[in-house]
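# next comes the sequence, and after it the predicted model I'd like to discuss.
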Amino acid sequence: MNDPCQTAIMRQLGMKTMIETERLTKRFGELTAVEDVSLRVAEGEVLALLGPNGAGKTTTIRMLASILQPSSGRAWIAGYDVAAQPEAVRRSVGVLNEHHGLYMRMNALDYLRFFGQVYAIPAGPLDRRIHELAEFYGIADALHRRLGEYSKGMRQKLALVRTLLHEPPVLLLDEPTSAMDPESARLVRGSIRQIRGGRRAIIICTHNLPEAEELADRIAIIREGKIVAFGSVPELKQALLGDPIMELRLAQSLNGVIDSLPSGAEPLDTGDRWLRYRARNPQEVNPLVLRMLADRGIPVVTLSEITRSLEEVYLQVVAGRRSSVVEPDER
């Protein structure tokens, strides 16, 4: 599952591997929840782990956080073995769970101070860190309120503050923008982009596919405990949806344009003043199309790529229509 090309690039750039798994497997009796998962995430990188409920995402995250022991295989967080060095792993990771485990009778400040003491953060730096994060996420004015008075969105923000409190080099975020209003969700996405610049490695589990497409460098789709698709969004679209599709709109009827398309432009569909074609290399084919139209004096209104979403890739994979693993160096 680990791509040798990616590994070589990481080494050349001096990028440290922060999350690594090698055939990671977890069984509960006769049920295999996670099977042979191998991944590598470098500092500064965001990996989105996608899959339907029950696919094995949460089990994988719990093994990475040293909450569950693997049945077989190995995993490392910031160089620490999750099975052999669980305390070091827990100091190095920030985990945002789907179920926050908030103590509703405590006020937010006492709650965060408690967790800061667990991480042995000195009182002065701890309070500065709490207020800095609370200010950023817009809950500074509510630090003295009991958590039972918080809305769902505020609880999510508080859980995120708790996750970042000890400045961990690895973040495992399960549905980080769940229950948030659009403005708060945008704030959190912006903070994730900012955090990754701090040489952190991040895994995000989410059902929000546009969010995954926006934030992630690479996507891993898990189905029935196995990684069944892996790569960047453009790579997955290319491998699973085929070559890009272009739409050409003209100011007049086509007038034999289809027969004059250059090699590499495969016609798919047409209307009175438009056509769609598939092009493996649009950067080479499109200029030839435009030159042909200019030579014939046919004015162009627009030439654009038809947007194909990560959702289309995801639905194909989880439905089992495509089940082979897609590596970044597969072409």
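Ah, there it is.

# could I get the full set of strands for the protein?
17-28, 31-42, 46-50, 72-77, 80-81, 93-96, 170-174, 201-205, 218-223, 226-231, 245-250, 265-270, 274-279, 300-305 (DSSP state E).

# could I get the ones you listed in CSV, plus columns for mean neighbour count and distance to residue 87?
(Glycine included, C-beta is placed from N, CA and C.) Formatted as CSV, these follow (neighbours: other CB atoms under 10 Å; distance: least, CB to CB, whole Å):
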stretch, mean neighbour count, distance to residue 87
strand 17-28, 19, 18
strand 31-42, 20, 21
strand 46-50, 24, 24
strand 72-77, 20, 12
strand 80-81, 17, 9
strand 93-96, 22, 11
strand 170-174, 23, 15
strand 201-205, 25, 19
strand 218-223, 23, 27
strand 226-231, 22, 28
strand 245-250, 18, 52
strand 265-270, 14, 58
strand 274-279, 19, 54
strand 300-305, 12, 50
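
# for residue 114, which non-adjacent residue is closest in space?
residue 106 (7.5 Å; CB to CB, 6 or more residues apart in numbering).

# do the same with residue 180
Nearest non-adjacent residue to residue 180 (CB to CB, 6+ apart): residue 153, at 4.6 Å.

# and for residue 305?
Per CB to CB, 6+ apart, closest to residue 305 is residue 244, 5.3 Å.

# can you list the low-confidence ranges for the stretch 201-331 of the chain?
In the predicted model of the stretch 201-331 of the chain, residues 321-331 satisfy pLDDT under 70.

# mean confidence score for stretch 175-189?
The pLDDT scores in stretch 175-189 average 88.

# pull the distance from that stretch to the chain's centre.
15 Å (CA atoms, centre = their mean, to the nearest Å).

# can I get that stretch in PDB? Just the C-alpha atoms.
As requested, the backbone C-alpha atoms of stretch 175-189 are provided in PDB (Å, rounded to 0.1, in the frame of the first residue of the first chain):
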ATOM      1  CA  GLU A 175     -15.900  14.200  11.800                       C
ATOM      2  CA  PRO A 176     -14.200  17.500  12.800                       C
ATOM      3  CA  THR A 177     -17.000  19.800  11.600                       C
ATOM      4  CA  SER A 178     -20.000  17.600  12.600                       C
ATOM      5  CA  ALA A 179     -22.900  19.600  14.000                       C
ATOM      6  CA  MET A 180     -21.300  23.000  13.100                       C
ATOM      7  CA  ASP A 181     -22.900  25.800  11.300                       C
ATOM      8  CA  PRO A 182     -21.400  26.700   7.900                       C
ATOM      9  CA  GLU A 183     -19.300  29.600   9.300                       C
ATOM     10  CA  SER A 184     -17.900  27.500  12.200                       C
ATOM     11  CA  ALA A 185     -17.200  24.700   9.800                       C
ATOM     12  CA  ARG A 186     -15.300  27.000   7.500                       C
ATOM     13  CA  LEU A 187     -13.300  28.300  10.500                       C
ATOM     14  CA  VAL A 188     -12.300  24.700  11.400                       C
ATOM     15  CA  ARG A 189     -11.300  23.800   7.900                       C
END
